[in-house]
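Trainee: what shape does this take:
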Amino acid sequence: MGEGIFIGLPLSLRGIMPIMKGMDWPQGYLGEWVNFGEVGKSFVDDNDDIAIVICPQSIIGASIHESLSEMAAAMGNRPFVLINPILTDIPSSGGVMSVRGRGERIMFEQTFKDVYHFRALYPSSASMFPIKGVVMKSGPKEPYVLFRKIEDEDKQERHVPLATFDEDPKSEQINPFF
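Mentor: Prediction:
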């Protein structure tokens, strides 16, 4: 995925690892308790207790799925955590994420479950303003909760719960509430 300094990450995320490495880690944590690497089975060590992958996503012309699934397999039964993953296909002219292999990519994506979830809802996919509401899941055993954003008479924003769902609600379940 990518070349040179852009290997493994979309451009917008390339700066996260230097920021994480530069954090004020307690003495002895780096290298002993916390290690940094890239996505792939070669970055899994037998001594790793957990793998946390931040913002894994495919880019046009390259899929993250193969590297991510190999890494997950190398972790075995150890925890494998994805933070803000975007695992949907991004079609390209090269046919990298075309029909071939889509079933396997979808099955791999479905092996993960949301523990926490927060998603803003907008009036259309073309506009990020105003926020109409949110869908939130506040823990592994909690339901997904749909909230509508309202302003009270003092112009203060509040989020009013409207419905709960066992699974992440689709747009056809959300739209009747707005």
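Trainee: how close does the residue sitting furthest away from the middle of the chain get to F108?
Mentor: Distance from the C-alpha centroid of the chain, by Cα atoms, centre = their mean, peaks at E153 (36.5 Å). According to Cβ to Cβ, to the nearest Å, E153 and F108 sit 49 Å apart. For the C-beta atoms, the positions are set from N, CA and C on the backbone; glycine is no exception.
Trainee: again with V53
Mentor: 13 Å.
Trainee: then N77?
Mentor: 17 Å.
Trainee: so what's the residue nearest to K21 when sequence neighbours are not counted up against?
Mentor: Using Cβ to Cβ, 6 or more residues apart in numbering and skipping residues adjacent in sequence, the residue nearest K21 is F36, 6.1 Å away. F36 sits next to M17, M20, K21 when contact means Cβ atoms under 8 Å, 6 or more residues apart in numbering.
Trainee: highest neighbour count among those?
Mentor: M17 (15 neighbours; other Cβ atoms under 10 Å).
Trainee: any idea how far I52 is from the closest residue to that residue other than its chain neighbours?
Mentor: Nearest in space to M17, with sequence neighbours left out and distances taken as Cβ to Cβ, 6+ apart, is F36 at 5.8 Å. Note on F36: its distance to I52, by Cβ to Cβ, is 10 Å.
Trainee: picking that back up, higher neighbour count, N77 and F108?
Mentor: Set N77 next to F108 and count neighbours by other Cβ under 10 Å: F108 wins out with 15 against 5.
Trainee: what about that one, which SS state?
Mentor: When classified by DSSP: H, G, I helix; E, B strand; the rest coil, F108 comes out as helix.
Trainee: wait, it touches S67, no?
Mentor: No: the criterion here is Cβ atoms under 8 Å, and F108 misses it with S67 at 11.4 Å.
Trainee: what do those two both touch?
Mentor: With Cβ under 8 Å, 6+ apart, F108 and S67 have no common neighbours.
Trainee: show me where the protein has helices.
Mentor: For the chain, helices defined by DSSP state H occupy the ranges 16-21, 65-75, 102-109, 171-174.
Trainee: most tightly surrounded among those?
Mentor: When you average the neighbours per residue for each of the helices of the chain (mean count of other Cβ atoms under 10 Å), helix 65-75 leads with a mean of 18.
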